[in-house]
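Asker: sharing a model prediction with you, sequence too.
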Amino acid sequence: MKNIRIAIAGIGNCASSLIQGVHYYKNKSKEEAIGLMHWEIGGYKPSDIEVVAAFDIDKRKVGKDVNQAIFERPNCTTVFCNQLPESGMIVQMGRILDGVADHMKEYDDNFTFLPADEIEPTKEEVVQILKDSGAEILLNYLPVGSEEAVRFYAACALEANVALINNIPVFIASNPVWARRFEEKNLPLIGDDIKSQLGATITHRMLADLFKKRGVKLERTYQLNTGGNTDFLNMLERKRLTSKKISKTEAVQSVVAKRLENENIHIGPSDYIPWQKDNKLCFLRMEGKLFGGVPMNLELRLSVEDSPNSAGVAVDAIRCTKLALERGQGGVLYAPSAYFCKHPPRQFTDDVAFQMVEQFINNVELESIQYEVPDFSSGEREPAA
């Protein structure tokens with residue numbers, strides 16, 4: 001079987017964990033391979049993923065082999081596979097647009113980016129790079145709040161006839177206009193905002209669903225998160241968090257028995273703590289009432305390495321997208337989006353979404369689950385490309 005040829009926009013911590021993982025599992029047997037939801041999908045293993053194009057804007061990464069660039073500052077994720085051969089693939093200069101928060105330049109070079117000296121490429125040049133590389137799938141790993149930059153790369157993917165996996169909370173798959181554009185080009189699309197393998201949102205959702213199934217009335221809840229990677233530093237600029245808060249909040253609201261009033265639910269990044277590096281701490285509280293109206297509360301502290309947690313899901317999203325390409329299936333991939341992302345076009349509980357994605361992988365018609373495609377006929381204004 002041929003490799004799955006991917007391009008990546010943003011060579012940060014998440015890209016580092018993903019690329020390390022591709023090499024980590026290369027010499028593992030199925031019995032040795034821990035930390036995967038699926039060893040094989042459609043015959044493809046994680047090691048069948050090949051990076052053929054990459055874009056970044058940091059001078060420490062642009063112009064370097066991608067297997068070297070993933071270890072450059074400000075990346076700070078855990079190194080679990082450092083014996084990487086040269087890939088022969090050089091990181092290209094990308095478009096900046098709104099991809100960098102204004103306050104980032106106020107921090108030490110070890111924690112923030114250094115702008116590259118290279119001239120930013122035109123849309124035509126990015127499209128040509130994607131075409132020349134033979135990329136089949138583009139992964140978006142740009143910073144939260146990069147609305148213009150994400151739309152730029154989404155438009156490039158469309159023009160280059162490349163599928164898109166949107167890992168951040170800029171709404172592409174869940175935007176009817178963009179979803180329709182990918183459907184018209186018959187290009188697979190997964191999004192928006194990747195769920196971690198076992199992170200704050202998936203844990204919060206499962207507990208909210210448990211409250212509902214066990215007859216416990218959820219009255220109020222919060223989820224507070226801290227971290228020390230560039231993502232958390234970027235999110236100190238609160239105006240970049242609008243879509244992130246919507247994505248995380250709706251992921252939980254969609255599985256509660258009765259939608260909570262806004263004042264009774266608070267979910268979102270809380271603060272940046274440099275020494276935490278890529279470690280993410282989640283502080284979660286849920287208050288409710290049991291039998292007889294008797295009050296109860298639950299408090300949970302979750303500590304995870306943020307980027308490997310994301311990569312554990314990305315390897316499956318990539319392989320599901322490859323299956324769709326082989327099957328000639330374009331547009332939003334609803335089952336993978338529901339299982340892998342916080343803000344898909346249509347929300348399902350995670351146990352139902354799991355069944356859906358298993359049926360997708362096995363190419364089984366989704367007949368046993370009520371499965372309705374959203375109506376994309378609304379006349380939304382075309383977003384800027």
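Answerer: Arrived safely.
Asker: just the helices in this protein please.
Answerer: According to DSSP state H, the chain carries its helices in the segments 13-24, 66-69, 123-133, 147-160, 176-184, 200-213, 230-234, 242-253, 306-327, 334-340, 350-361.
Asker: how about residues contacting the shortest one?
Answerer: What it means is helix 66-69. Where contact means Cβ atoms under 8 Å, 6 or more residues apart in numbering, the residues beyond helix 66-69 that reach it are 8, 11, 19, 51, 54, 56, 60-62, 84-87, 89-91. For the C-beta atoms, the positions are set from N, CA and C on the backbone; glycine is no exception.
Asker: need the helices of the chain in a markdown table with distance to residue 43 and mean pLDDT, can you?
Answerer: Listed next are these as a markdown table, based on distance: least, Cβ to Cβ, whole Å; pLDDT from 0 to 100:
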| stretch | distance to residue 43 | mean pLDDT |
| --- | --- | --- |
| helix 13-24 | 16 | 97 |
| helix 66-69 | 25 | 98 |
| helix 123-133 | 23 | 98 |
| helix 147-160 | 25 | 98 |
| helix 176-184 | 25 | 98 |
| helix 200-213 | 27 | 96 |
| helix 230-234 | 33 | 92 |
| helix 242-253 | 31 | 92 |
| helix 306-327 | 9 | 98 |
| helix 334-340 | 17 | 97 |
| helix 350-361 | 11 | 96 |
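Asker: next, the contact list for residue 115, please.
Answerer: Per Cβ under 8 Å, 6+ apart, neighbours of residue 115: 57-59, 96, 100.
Asker: among the helices of the chain, which is nearest residue 276?
Answerer: Nearest to residue 276 among the helices of the chain is helix 230-234; the distance by Cβ to Cβ comes to 8.0 Å.
Asker: distance between the closest one and the chain's centre?
Answerer: Mean-position distance between helix 230-234 and its chain equals 15 Å (Cα atoms, centre = their mean, to the nearest Å).
Asker: OK, contacts around residue 244?
Answerer: Residue 244 is in contact with 144-145, 169, 193, 235, 268-269, counting by Cβ under 8 Å, 6+ apart.
Asker: typed the wrong thing, it's residue 33
Answerer: Residue 33 neighbours (Cβ under 8 Å, 6+ apart): 25, 39.
Asker: roughly how far apart are it and residue 24?
Answerer: For residue 33, the distance to residue 24 (Cβ to Cβ, to the nearest Å) stands at 9 Å.
Asker: how about the helices of the chain in JSON lines, adding distance to residue 264?
Answerer: Formatted as JSON lines, the helices of the chain follow (distance: least, Cβ to Cβ, whole Å):
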{"stretch": "helix 13-24", "distance to residue 264": "32"}
{"stretch": "helix 66-69", "distance to residue 264": "44"}
{"stretch": "helix 123-133", "distance to residue 264": "44"}
{"stretch": "helix 147-160", "distance to residue 264": "29"}
{"stretch": "helix 176-184", "distance to residue 264": "30"}
{"stretch": "helix 200-213", "distance to residue 264": "13"}
{"stretch": "helix 230-234", "distance to residue 264": "25"}
{"stretch": "helix 242-253", "distance to residue 264": "11"}
{"stretch": "helix 306-327", "distance to residue 264": "27"}
{"stretch": "helix 334-340", "distance to residue 264": "25"}
{"stretch": "helix 350-361", "distance to residue 264": "22"}
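Asker: which one of those helices lies closest to residue 295?
Answerer: Of all those, helix 200-213 comes closest under Cβ to Cβ, at 13.1 Å.
Asker: elements contacting that closest one?
Answerer: Secondary-structure packing of helix 200-213 (3 or more Cβ pairs under 8 Å, 6 or more residues apart in numbering; DSSP states H and E): strand 217-227, helix 242-253, strand 279-289, strand 295-305, helix 350-361.
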